[in-house]
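# next one to model:
(chains A and B)
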Number of protein chains: 2
Amino acid sequence: MSSVVGEMSARGVREQEKFEQFVAEVRALVDARLGRWLDGRVAEARVRGAEVGAVADAMRQLVLRGGKRMRGVLLVAAYQACGGEGGANTVLPAAAAMELLQGYLLTHDDWMDGDDMRRGGPSVPAAMRAKFDHQDSLSPPRAARGQPVADAASVLAGDLAAGWALASLLELTIAPARVVSATRELARVQEEVVQGQILDVCGVPGELGDVETTYLLKTASYTVRGPLRMGACLAGADAAQLASLGAFAEPLGIAFQLRDDVLGTFGDPRITGKPWGNDLRKGKRTALVLEAMRDPTSREVLERVLGRSDASEDEMHQAVTSLEVCGARGRVEERISALVRESRAALDRAPLTPSGRALLVQAAAALTDRER
Amino acid sequence: MSSVVGEMSARGVREQEKFEQFVAEVRALVDARLGRWLDGRVAEARVRGAEVGAVADAMRQLVLRGGKRMRGVLLVAAYQACGGEGGANTVLPAAAAMELLQGYLLTHDDWMDGDDMRRGGPSVPAAMRAKFDHQDSLSPPRAARGQPVADAASVLAGDLAAGWALASLLELTIAPARVVSATRELARVQEEVVQGQILDVCGVPGELGDVETTYLLKTASYTVRGPLRMGACLAGADAAQLASLGAFAEPLGIAFQLRDDVLGTFGDPRITGKPWGNDLRKGKRTALVLEAMRDPTSREVLERVLGRSDASEDEMHQAVTSLEVCGARGRVEERISALVRESRAALDRAPLTPSGRALLVQAAAALTDRER
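A predicted model of the protein is given here:
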């Protein structure tokens, strides 16, 4: 037995190494393309006017300032898993499009949530305030003019990146029928993410229905299912492949968001890049918080900090501890494990190339078993 | 001579009647498709959650509440002018997409400008405030949570319609290569409109550079050039056809916006559907206003009302009169005429079908010689 286990783990290590190499390759290609492409876009924007250049450059900086490029990695992996040829370069415009789409979504989200930090630097809304806030004093009275300039600019920066995502995707040079079906997936992603965000932002506080529905729409769609199905469409996948990738993606995407919730509260800020206790101070009704609210003691401690940017360090520590003590963290971890098993079972049944499947196995682990 | 003139005007009347019939047919088809399509979309949204349904329905109401459907008309006319077959029904998903795109743009604009009325009813931002404002008192303190719910919902309603526009366009069932090139035009439109809006909203007051550049990006792109070029792409137009439609579209689109400026100040509110003097009270730096500001007397009178929602009726009447007396209105009318001639000359040179060209001649008149 021990030699079999030894062989299996040696194989596991090899698969993980292969995946890490694959990730590094895709990331380098995506970063290089985004750098070139965005430099061109910002230069064009500057020709339109200084303000247009400033808004475009703020988005460029956000997109280029890291991010794990996991959406692009998933897209390329699915492309290969469905027998797509020519490697990552063939679908690079689509992989880069996912990063531009994320720039749009993060910016509208950060504006709605009032988040000033993103990827270890200023969020686009914070950059827009630094750039444009002084203009409100020069302008006609606010009542007549509508929104402050920085708010309008933040929304427009996101709108611009949404247009860029579509433009990048349509630079694909493969069979037009495949491009059309991948673009249909993009439209579906846009629609679902917005619906998820509406549930999240406009839902009556305390009456959040099914948090996993929100996660499916708001996160799983653009983080996992969209990239996978777009990669599959570009490979000319058949209905069985598309359906099985969907069945793999949905539980995985929800598990990814649950892991995010755990990291948002228990993660090391030096590793996650997000301020400690941010989710609680923002009053986010995460699955973790909703689990803990069922326990009356925990609820009381949590309500002292939820949505209170002025909560003391002491109150914050008590709240974080209570999430652990009442068992909420454990139950969320169990749910993550169950979703990962469900996702893995769908993958095992899927009609995919062996090398592509191996990449997706590793990608699933990277999405749900991570520290940032 | 008189019989030739008589023949020409008889022919002109026949062309105008044909055009009016064409407009009525396209409008009926677009309205019918939008009605069915949006009913389905709103029903799906309601399944996601009551709030999602409410946001989707506010957008549905805006899109269905009139509008002249001129963008769809231009798209179908260009399709026919470039030899496209099968009539309006073949490109209906694209014509409807233009109306959904407009729903997105109008909503983000109305939110930025603080406009509460649109198409004779509440703007989407006004509808969102009526629906969601009470929720802010239930939520955690605003400082922690970011934007008021209604502001977030207004932006999300626009985002949703942007996704819908793309989804509708991709329901086309014609050759995928043509769909891809039309979708590239859509991406270009999205990018340019946003750039124009940035110039308009974020430019330093009083330092507006070239107002016609803003009009080209912000209005001409999605009102005239985009629809025409998309229709042409769907017909499989060659480079010469695309270029000549662009040369027809750009001056026409600028003239359209200049006509809008004139109507926004001198138009009959009962016909335009917009409150009297709205542009002035909002402080909009239209070409009309910029022309008049060169005249010191006119400037003084205008500065008393620009951006002042509380300006008296008397001050407003003086300002409107000064726009006429100082010659600004006359100069804008002259510029409209020059642009219309430039546009018409490009059309006369364009390699198009005679019936399609005749429709475009009439469309140009409808866009620039109108009362609402």
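
# after the lengthiest helix in chain A comes which helix or strand?
In chain A, with assignment by DSSP state H, the single longest helix is helix A:2-48. Using DSSP states H and E, the helix or strand that follows helix A:2-48 in sequence is helix A:50-64.

# measure how buried the residue nearest to A:P93 when sequence neighbours are not counted is and give me the count.
Leaving aside its sequence neighbours, A:P93 sits nearest to A:E171 (Cβ to Cβ, 6 or more residues apart in numbering or on different chains; 4.2 Å). C-betas here are computed from N, CA, C, even on glycine. Per other Cβ atoms under 10 Å in any protein chain shown, the neighbour tally for A:E171 reads 16.

# specify the local secondary structure of A:E171.
Secondary structure state of A:E171, per DSSP: H, G, I helix; E, B strand; the rest coil, is coil.

# from A:W37, how far off is it?
Distance from A:E171 to A:W37, counting by Cβ to Cβ, to the nearest Å: 9 Å.

# also A:E44?
11 Å.

# so who does A:G253 touch?
A:G253 makes contacts with A:Y215, A:L216, A:T219, A:A220, A:S221, A:T223, A:V224, A:R225, as judged by Cβ atoms under 8 Å, 6 or more residues apart in numbering or on different chains.

# which sections of chain A are below the confidence cut-off?
For chain A, the stretches with pLDDT under 70 are A:1-8, A:138-145, A:204-209, A:273.

# does A:V180 really touch B:R178, like I thought?
No - assessed by Cβ atoms under 8 Å, A:V180 is found out of contact with B:R178, at 10.0 Å.

# Provide a list of residues in contact with the residue nearest the centre of chain A.
With distances taken as Cα atoms, centre = their mean, A:T223 lies nearest the centre of chain A, 4.9 Å away. With Cβ under 8 Å, 6+ apart as the criterion, the residues that contact A:T223 are A:M70, A:R71, A:G253, A:F256, A:Q257, A:L367.

# okay, now the fourth one: neighbour count?
Per other Cβ under 10 Å, the neighbour tally for A:F256 reads 25.

# so which strand or helix has it?
Counting by DSSP H and E, A:F256 is part of helix A:239-266.

# not counting sequence-adjacent ones, nearest residue to A:A237?
Going by Cβ to Cβ, 6+ apart, A:A237 has A:C82 as its nearest residue, at 4.1 Å.

# so the one you found sits against A:A239, correct?
No - with contacts counted by Cβ under 8 Å, A:C82 stays clear of A:A239, the gap being 11.7 Å.

# looking at the two, which is more packed in?
For A:C82 versus A:A239, neighbours defined as other Cβ under 10 Å are more numerous around A:C82 (25 against 7).

# residue contacts, the more buried one?
A:G231, A:A232, A:A235, A:G236, A:A237, A:Q241, A:L245, A:L352, A:T353, A:G356.

# how far does stretch A:352-366 sit from its chain's centre?
Put simply, stretch A:352-366 sits 19 Å off its chain's centre (Cα atoms, centre = their mean, to the nearest Å).

# in it, what's buried?
By neighbour count with 16 or more other Cβ atoms under 10 Å in any protein chain shown, stretch A:352-366 contains the buried residues A:L352, A:G356, A:R357, A:A358, A:L359, A:L360, A:V361, A:Q362, A:A363, A:A364, A:A365, A:A366.

# secondary structure element for the third one, which one?
Spelled out, it's A:R357. Following DSSP H and E, one finds A:R357 within helix A:354-368.

# run the angle between that helix and helix A:2-48 for me.
Per axes from the mean of the first three to the mean of the last three Cα atoms, to 10 degrees, the angle that helix A:354-368 makes with helix A:2-48 is 80 degrees.

# CA atoms only: put helix A:354-368 into CSV for me.
The C-alpha coordinates for helix A:354-368 follow below in CSV (Å, rounded to 0.1, in the frame of the first residue of the first chain):
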residue,chain,number,x,y,z
PRO,A,354,-6.4,13.9,-19.9
SER,A,355,-3.8,16.8,-19.8
GLY,A,356,-6.6,19.4,-19.7
ARG,A,357,-8.4,17.5,-16.9
ALA,A,358,-5.2,17.3,-14.8
LEU,A,359,-4.8,21.1,-15.1
LEU,A,360,-8.4,21.6,-14.0
VAL,A,361,-8.0,19.3,-11.0
GLN,A,362,-5.0,21.5,-9.9
ALA,A,363,-6.9,24.7,-10.7
ALA,A,364,-9.8,23.6,-8.4
ALA,A,365,-7.3,23.1,-5.6
ALA,A,366,-5.7,26.5,-6.2
LEU,A,367,-9.1,28.3,-6.1
THR,A,368,-10.3,26.7,-2.8
